[in-house]
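Chemist: quick one: sequence plus predicted model below, questions after.
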Number of protein chains: 2
Amino acid sequence: MTEDIQRRPPTSVDVARAAGVSQATVSYVLNDNPNARVSEKTRERVREAAERLGYVPHASARALRTGHSGLVLLPLPMARTGRLAQEWLDALGDALNDAGYTLVYYGERKLKGIAAARDWAALRPVSIIVDSERLTKASVELLKSSGTRAVFGIGSEPSPLVPSMVLDHRQVGELAARHLVERGCRRLGAIVPREAGIDVMGANRWRGVCRVAPDAARLDLAFSEDEARELVAGGDLPDGVFAYNDEYAMLLISALHDAGLRVPDDVAVVGADDLPIASLMRPRLTSVHFDPTANPVELVTLLDEIVRGEREAADGTVVDLFAPRLVVRDSA
Amino acid sequence: MTEDIQRRPPTSVDVARAAGVSQATVSYVLNDNPNARVSEKTRERVREAAERLGYVPHASARALRTGHSGLVLLPLPMARTGRLAQEWLDALGDALNDAGYTLVYYGERKLKGIAAARDWAALRPVSIIVDSERLTKASVELLKSSGTRAVFGIGSEPSPLVPSMVLDHRQVGELAARHLVERGCRRLGAIVPREAGIDVMGANRWRGVCRVAPDAARLDLAFSEDEARELVAGGDLPDGVFAYNDEYAMLLISALHDAGLRVPDDVAVVGADDLPIASLMRPRLTSVHFDPTANPVELVTLLDEIVRGEREAADGTVVDLFAPRLVVRDSA
DNA sequence: TTGTAGGCGTTATCAC
DNA sequence: GTGATAACGCCTACAA
């Protein structure tokens, strides 16, 4: 009869019963609440019972009661982020962990606009880091009014709505261009990929090149060997090309080789992103590199201060993710 | 005095007050509960009030009340998963969404063993998909007893503890080897990377090669040009090499070129993973390719059945993620 | 057709 | 030192 074993997860009440104490005492002990004085003997009994029953506190119940979940939501599809970005996100997760938060990567892709914001807000995250483009005035308002303390945008442009983490791709182009100029190039060009999704970054990197060489050629290119061949065959190439990233750099170099041109003697090429694979090119590929490990702490501090209300982040606040960590890895 | 505006997120009670109905009615309307007949006029009033107040239901409260969160937890660090795996995970997330679940990528990396399991269990996920190696008997028990209905392992070996999704890397090696044999190679070899983390996969791919060519050479190699050069200089290379993946394939081909050997005439090379970049190699790289888009539905169905209790998944159940979707993309 | 009330698992404020 | 008890926001019989 009473053989009907407990199939539902054990609760703190179960632990209390098993330890012969009240449920409040269980909470005190397990949370090391300093306000309550509990004898060491009782503590031991409670801990033992919890262990034995396999008790795990219910995060939802706790969030409901305390009013905060410690969740930092990151609604990005996984595949869209490159390798360096992922390493950076992992580092961010660790840093947030250390500060008592939990980074949760929420990959939903279907919902748009305000519906997406509702979906995120349902989780009552304490903070959210999201593509600046997915944020509207209405969705930010919804998030804030539903308890999200720190809404961050992330993207290549600062958001007018919220503080944002900016990957200013012009800096990448600028650095590459300066390198090419130092190497003696006279006419610069930059490849701008035609692929949707990265075309904007490409245009920004090109603009960065223009800051150094105002008359730099804009070389629009799809990731195809045919187009690359055409580009090269068209002649009149600059003698220094920033190829957007390492993959396009290899595409271009490959087409240059096929056309009998020499790299870097005829055309110098600089890539970006520093794929491990890039070190295999002959001649070696020069690449703009981003060190992903160092930044998160700074961002976590900012986030933490905003969440605690110690700081009222102005909407225009910008955390530059690139500036401190961009270097050219030379082929030399 | 009453100017003190509501700073806490609006609740369904607030909506009820604003709409002049009871809180139950709000719940009925917003959830389209068919058991309750509510007049269209009331529905409209409720919806309008919810909209106006920016009401968003509280996921934790709902989970607490209903007893399930619909969360499927995926505790993997982002950077460890390759591009194809990510696309697959995104597709999985979409498929789960369609089935009413929510895939949540939970990147914590510090906790080990049972402590990690406690961390996961606190979220009361309905299912969890996790590296088979991170699961112990105790942690599986803890998860199950805390309400996780479907615990899945994922890895290159089936887990004895739980149903698992297996990426049987021997199949990759086997396919590559068969291709090399068909191309006329007589002596086969397989590169096994020395890097921790992928060495196991490498060994499995090599074993797959051995299933086709029992005397296949095992070529241990770190990802460095020096080692690759040594390997080639050592001579006595097989005339068909499965290079583990495309990056190693490029490393090897590069070293072969430097040594004056011809690919594929002297040594045929097959890579794997089909990086977009691999299509740029001269000569083109042959690669074992995995189509990531097709599998999730099947897995979601299985998960759903287990969750609903319609199916009692035996611990040994294995979902082979590779078999149906592995092809050789030829250089021809 | 709508409202009342109880409880999900916690934490925190009180009495004892 | 410890134990009742009242919320937190939501869902859902059941009552009106």
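Modeler: Nice, thanks for sending it over. Note that the structure is predicted; figures quoted are calculated from it, not measured. Numbering: from 1, shown residues only, chains lettered A, B, ... in the order given.
Chemist: do you know how far the closest residue to DNA strand D within the stretch 151-300 of chain A is from residue A:239?
Modeler: Nearest to DNA strand D, among the residues of the stretch 151-300 of chain A, is residue A:151, at 19.7 Å (C-beta to the nearest atom of the strand). Where you see a C-beta, it was placed from the backbone N, CA and C, and this is true even at glycine. Here residue A:151 is placed at a distance of 46 Å from residue A:239 (C-beta to C-beta, to the nearest Å).
Chemist: contacting residues around the residue nearest to residue A:35 when sequence neighbours are not counted?
Modeler: Leaving aside its chain neighbours, residue A:35 sits nearest to residue A:28 (7.9 Å; criterion: C-beta to C-beta, 6 or more residues apart in numbering or on different chains). Residue A:28 makes contacts with A:35-36, A:38, as judged by C-beta atoms under 8 Å, 6 or more residues apart in numbering or on different chains.
Chemist: which SSE is residue A:28 in?
Modeler: Element membership for residue A:28 (DSSP states H and E) is helix A:23-30.
Chemist: got the buried residues for that helix?
Modeler: In terms of neighbour count (16 or more other C-beta atoms under 10 Å in any protein chain shown), helix A:23-30 has its buried residues at A:25-30.
Chemist: for stretch A:313-323, same thing?
Modeler: Using 16+ other C-beta under 10 Å as the test for burial, stretch A:313-323 gives A:313, A:317, A:319, A:321-322.
Chemist: how far away from the center of its chain is it?
Modeler: Taking C-alpha atoms, centre = their mean, to the nearest Å, the mean C-alpha location of stretch A:313-323 is offset from the chain mean by 14 Å.
Chemist: now the end-to-end length of it.
Modeler: One end of stretch A:313-323 sits 21 Å from the other (C-alpha to C-alpha, to the nearest Å).
Chemist: now that stretch: mean pLDDT?
Modeler: Mean pLDDT, computed over stretch A:313-323, is 76.
Chemist: contacts for it, please.
Modeler: With C-beta under 8 Å, 6+ apart as the criterion, stretch A:313-323 contacts A:88, A:150, A:158-169, A:171-172, A:290, A:295, A:298-299, A:302, A:306.
Chemist: give me the low-pLDDT residue ranges for chain A?
Modeler: Low-confidence regions of chain A, defined by pLDDT under 70, span residues A:1-7, A:79-83, A:274-284, A:294, A:324, A:331-332.
Chemist: for residue A:65, give its distance to residue B:23.
Modeler: Distance from residue A:65 to residue B:23, by C-beta to C-beta: 19 Å.
Chemist: again but with residue A:149, I slipped
Modeler: 26 Å.
Chemist: and if you look at residue A:260?
Modeler: From residue A:260 to residue B:23 the distance is 78 Å (C-beta to C-beta).
Chemist: show me the contacts for residue A:272.
Modeler: A:172, A:176, A:205, A:242-246, A:249, A:287-289.
Chemist: domain-wise, how is chain A divided?
Modeler: A:2-57, A:66-166+A:293-322, A:169-289 (automatic domain parsing).
Chemist: and the end-to-end length of the second one?
Modeler: Pointing back at domain A:66-166+A:293-322 there. Domain A:66-166+A:293-322 has an end-to-end distance of 37 Å (criterion: C-alpha to C-alpha).
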